[in-house]
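# Sequence first, predicted model second:
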Amino acid sequence: MKALVFQGPGQKDWIEKDKPTIQKPTDVIVKISKTTICGTDLHILKGDVPTVTPGRTLGHEGVGIVEEVGDAVVNFKTGDTVLISCVTSCGKCANCKRSLYAHCADGGWILGHTIDGTQAEYVRIPHADHSLHPIPAGADEEALVMLSDILPTGFEIGVQYGHVKPGDTIAVVGAGPVGMSVLLTSQFLSPGRIIMIDMDPARLELARQFGATDTIQVGAEDVVARIMEMTHGKGVDVAIEAVGVPATFDTCQKIVAAGGNIANVGVHGKPVELHIEELWIKNINISMGLVNTNTTPMLLKTLGNARVDPAKLITHRFALDEMMKAYEVFGNAAREKAMKVILSA
Ligand code: NAD
Ligand code: ZN
């Protein structure tokens, strides 16, 4: 079969590789119908994730058809169409019982990380009963793939951890696929105002189409001054960081209102400066973490909601064997005006 293989920092190839086989009775082999490229794959390619070693097939988002089933699998059979969760989990260990699937004693984020991932013709899914999801009849497969990672990430780590409530004023720093997923899923909670912040005017324009009430362009405008003007000097109820650099976390600390929440979604490669002296006096809660995908079953039920349609995030479509071309486009997202690229077998 063909697979996108990490060959060391800066190097990748779409090459022939052995088709995966069942290794444990709880495994399923899935034939990929749709997969995507995620910002995390670009981090890996840069060499920012040293736990990913050369030879690894990348990718952790996908939809496919069950090809082969291990003897202990009870929820799936050959021929079923399934959604693959970016986090594989046993569902039985102490952490899984607390819905901390990202910290499963025998799983977590391992697809395209410590085991081979979804950017291939076939993938092996461990603990398939708990790591795959049956899909609703007639579901749009393109929308579904957004539920492997980015939609639950935006909802769990941005909206839920940020305790977004009806009527709140929220600000999302970063209008990439993850920030946009926060924007879309926050609308389930009816915030009064959603302010999207980014330096890319094309992304801010898309954000307005997806339901942002206000946008602020970094570089062209003073973000903190604009927020204070919009909120009569109070700040925002929830500030959500969806970039992963010290400057954007700093912005969140400056724009959050007294009693508010900062929800950090971005993956930080460097330490950030924490202004306890200012946050303490404002009674601020800070949260952060890895997506657990424990809201995927709930998000599956929302598919078909036109206002929060995650398929809106897809800007480019390729055939699976155009993987290298898709990386070229996604790797130059600003130039190509790309948000989410999808590959179909
Ligand atoms: P992305 O790179 O596609 O988008 C980031 C956006 O931030 C871009 O639109 C960019 O223009 C904007 N940006 C960059 N610098 C900025 C600044 N100084 N001020 C305002 N905007 C700025 O990334 P993405 O795929 O949307 O992911 C966002 C973050 O979420 C990444 O750090 C990613 O690793 C992380 N992530 C976290 C989890 C989790 O489990 N918590 C899961 C998936 C992704
Ligand atoms: Zn577990």
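All right, it came through fine. Ligands and ions are numbered 1, 2, ... in the order given.
# use CA for all of it now, contacts and neighbours both
OK.
# wait, Val223 sits on Ile216?
Yes: the criterion here is CA atoms under 8 Å, and Val223 meets it with Ile216 at 6.5 Å.
# shared neighbours of those two, anything?
Common neighbours of Val223 and Ile216, using CA atoms under 8 Å, 6 or more residues apart in numbering, are Ile197.
# Please list the residues of the stretch 51-200 of the chain that sit near ligand 1.
Within reach of ligand 1 by CA under 6 Å from any ligand atom, the stretch 51-200 of the chain has these residues: 150, 153, 173-179, 197-200.
# Nearest residue to the middle of the protein?
For the chain, Ile150 is the residue whose C-alpha lies nearest the centre (CA atoms, centre = their mean; 2.2 Å).
# Compute the distance between that one and Ile65, please.
Plainly put, Ile150 is 21 Å away from Ile65 if you go by CA to CA, to the nearest Å.
# Tell me the confidence at Val49?
Note on Val49: pLDDT of 89.
# my bad, should have said Arg307
Reported pLDDT for Arg307: 81.
# Could you measure from it over to Leu183?
From Arg307 to Leu183 the distance is 11 Å (CA to CA).
# next one: Val52
From Val52 to Leu183 the distance is 31 Å (CA to CA).
# just Ala202 next, same as before
Distance, Ala202 to Leu183, by CA to CA: 16 Å.
# Show me which of these two is the more surrounded one.
Leu183 (29 against 13; other CA atoms under 10 Å).
# which element is the more buried one on?
Leu183 is part of helix 177-186, with elements assigned from DSSP states H and E.
# which helices and strands does that helix pack with?
Helix 177-186 sits against helix 150-153, strand 169-173, with contacts defined as 3 or more CA pairs under 8 Å, 6 or more residues apart in numbering; DSSP states H and E.
# Does Met228 touch Val256 like I think?
No: between Met228 and Val256 there is no contact under CA under 8 Å: 9.7 Å.
# ok, those two, which is more surrounded?
Counted by other CA under 10 Å, Met228 and Val256 do not tie: Val256 has more neighbours, with 28 against 17.
# Kindly state the beta-bridge partners for that one.
In this structure, Val256 bridges to Val236 when assessed by DSSP bridges.
# show me the contacts for it.
Residues counted as contacts of Val256 (CA under 8 Å, 6+ apart) are 235-239, 262, 284.
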